[in-house]
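# Quick one, what's the 3D model for this:
(one chain, ligands or ions: 1)
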Amino acid sequence: MDAMRFSTLAHRAHDLCNPLDEATVDAACARLGLEAMDPGRRPRVIDVGCGKAGMLIRLALRRPIAGIGIDLNPAHLAEGAERAARRRVADSITLLEMDATRFDAAPESFDVAISIGAAHALGGCEPTLRTLRSWLRPGGRLLVGHGYWRREPAPEYLAVLGASASEHGRHADNLALAARLGLEPIADWESDREAWDRYENLYAETALAFAADHPDDPDAAAIVARVERWRDAYRRWGRDTLGFGLDLFAR
Ligand SMILES: C[S@@+](CC[C@H](N)C(=O)[O-])C[C@H]1O[C@@H](n2cnc3c(N)ncnc32)[C@H](O)[C@@H]1O
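Numbering: from 1, shown residues only. Reported below is the predicted structural model:
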């Protein structure tokens, strides 16, 4: 079935489509330095692969921003716009349905750049760090959330993910790469097992509930098969193999 449709259905109940816990997300938002920026100017913030604009909404609730969210998924963006309106921060957020590689930002034009669980949108971890760095003004903040290997991935696990071992490094490798690109590390966090389990369980339950409620949907059987395969792989290998890091840098 269409991967975007599956992702949309499985993430229906998620606010953020990533395995970070709320305390970590809050800590990262607090460290972006928005409050210290010129009160007479809205900080310019970009979130690449913004999903339902969960990060931009959190930041706009802290203070008015000039936020831009880019995503390919129109359903996620529509939900993000609805949520922003409900939280009365719609005037802080512009959502663009487009491929991130086509976004043409002026160099050094943003105060904050974000990519969480969406490094593939700009071609991987290194191109994401390079591109977002180039969009940031000197002193601007870069927040990147990405998968990493806790240990060597089993070939069977890679087959289920449809990934290659070279897709991720260790968390420390990602931090070292950022340092080589001239980014100054401020803080980094890792998703813990409980937060991953919460994310995966909600993902599976939501997809299965859709299939149960829509038995005549042409994708119903494929959804169940996919969730069962994914859940089995998570239990067998995923918990011990795949980590998720959130790194904050200054340019
Ligand atoms: C795992 S989700 C993370 C969403 C959001 N950052 C969050 O943490 O809630 C990845 C997002 O990247 C988007 N995406 C994937 N490829 C993209 C591309 N080439 N351009 C823009 N967005 C893309 C997907 O549509 C999806 O919403």
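# Low-confidence ranges, the protein, go.
Along the chain, no part satisfies pLDDT under 70.
# ok, 90 please
Within the chain, the segments meeting pLDDT under 90 span 1.
# Please enumerate the helices of it.
Assigned helices in the chain, in chain order: 3-10, 22-30, 54-62, 74-86, 125-135, 155-161, 171-180, 193-213, 220-233, 239-241 (criterion: DSSP state H).
# Show me the one of these that comes nearest residue 37.
Nearest to residue 37, of all these, is helix 54-62, at 10.9 Å by C-beta to C-beta. Every C-beta, even on glycine, is put in place using the N, C-alpha and C of the backbone.
# Tell me which residues of the closest one come out buried.
Buried residues in helix 54-62, counting neighbours by 16 or more other C-beta atoms under 10 Å, are found at 54-60.
# The residues you listed into CSV, with extra columns for distance to the ligand?
Below are those laid out as CSV (distance: C-beta to the nearest ligand atom, whole Å):
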residue, distance to the ligand
54, 5
55, 7
56, 10
57, 11
58, 11
59, 13
60, 15
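# from those residues, which is closest to residue 82?
Out of the buried residues of helix 54-62, the member with the shortest distance to residue 82 (by C-beta to C-beta) is residue 57, at 10.7 Å.
# Hmm, that closest one is touching residue 90, no?
No - counting by C-beta atoms under 8 Å, residue 57 stays clear of residue 90, with 9.5 Å between them.
# Identify the contacts common to these two.
Common contacts of residue 57 and residue 90, defined by C-beta atoms under 8 Å, 6 or more residues apart in numbering, comprise residue 84.
# Can you get me a residue count around residue 85?
By other C-beta atoms under 10 Å, 12 other residues sit near residue 85.
# Quick check: phi and psi on whichever residue of the stretch 51-200 of the chain sits closest to the ligand?
Evaluated by C-beta to the nearest ligand atom, the stretch 51-200 of the chain has residue 51 as its residue closest to the ligand, separated by 2.7 Å. Backbone torsions for residue 51, taken as degrees, to the nearest 10, come to phi 60, psi -120.
# what residues are up against it?
Here residue 51 is in contact with 11, 16-17, 71, 73, 76, 80, 117-118 (C-beta under 8 Å, 6+ apart).
# can you check residue 16 too?
So residue 16 contacts 25, 51-52, 54-55, 116 (C-beta under 8 Å, 6+ apart).
# and the residues you listed as a markdown table, adding distance to residue 230?
Listed next are the contacts of residue 16 as a markdown table, based on distance: C-beta to C-beta, whole Å:
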| residue | distance to residue 230 |
| --- | --- |
| 25 | 24 |
| 51 | 19 |
| 52 | 21 |
| 54 | 22 |
| 55 | 25 |
| 116 | 20 |
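# okay, the helices of the chain, which one's buried deepest?
helix 54-62 (a mean of 22; mean count of other C-beta atoms under 10 Å).
# Name the residues that touch stretch 33-50?
Identification of contacts with stretch 33-50 by C-beta under 8 Å, 6+ apart yields 53, 55-56, 59, 62-71, 76-77, 80, 92, 95, 100, 103, 105, 109-118, 120-122, 128, 132, 135, 141.
# Okay, buried residues for it please.
By neighbour count on 16+ other C-beta under 10 Å, the buried set for stretch 33-50 is 33-34, 37, 42-50.
# And stretch 137-150, by the same measure?
Result for stretch 137-150 [16+ other C-beta under 10 Å]: buried residues 140-149.
# what about dumping the CA coordinates of it to PDB?
The C-alpha trace of stretch 137-150 is given here as PDB (Å, rounded to 0.1, in the frame of the first residue of the first chain):
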ATOM      1  CA  ARG A 137      22.400  33.100  10.800                       C
ATOM      2  CA  PRO A 138      25.600  33.000  12.800                       C
ATOM      3  CA  GLY A 139      24.600  32.100  16.400                       C
ATOM      4  CA  GLY A 140      21.300  30.500  15.200                       C
ATOM      5  CA  ARG A 141      20.200  27.200  16.600                       C
ATOM      6  CA  LEU A 142      19.900  23.800  14.900                       C
ATOM      7  CA  LEU A 143      17.800  21.000  16.300                       C
ATOM      8  CA  VAL A 144      18.100  17.600  14.700                       C
ATOM      9  CA  GLY A 145      16.300  14.400  15.700                       C
ATOM     10  CA  HIS A 146      17.500  11.300  13.900                       C
ATOM     11  CA  GLY A 147      17.800   7.500  14.100                       C
ATOM     12  CA  TYR A 148      21.100   5.900  15.100                       C
ATOM     13  CA  TRP A 149      22.300   2.300  15.600                       C
ATOM     14  CA  ARG A 150      22.600   1.200  19.200                       C
END
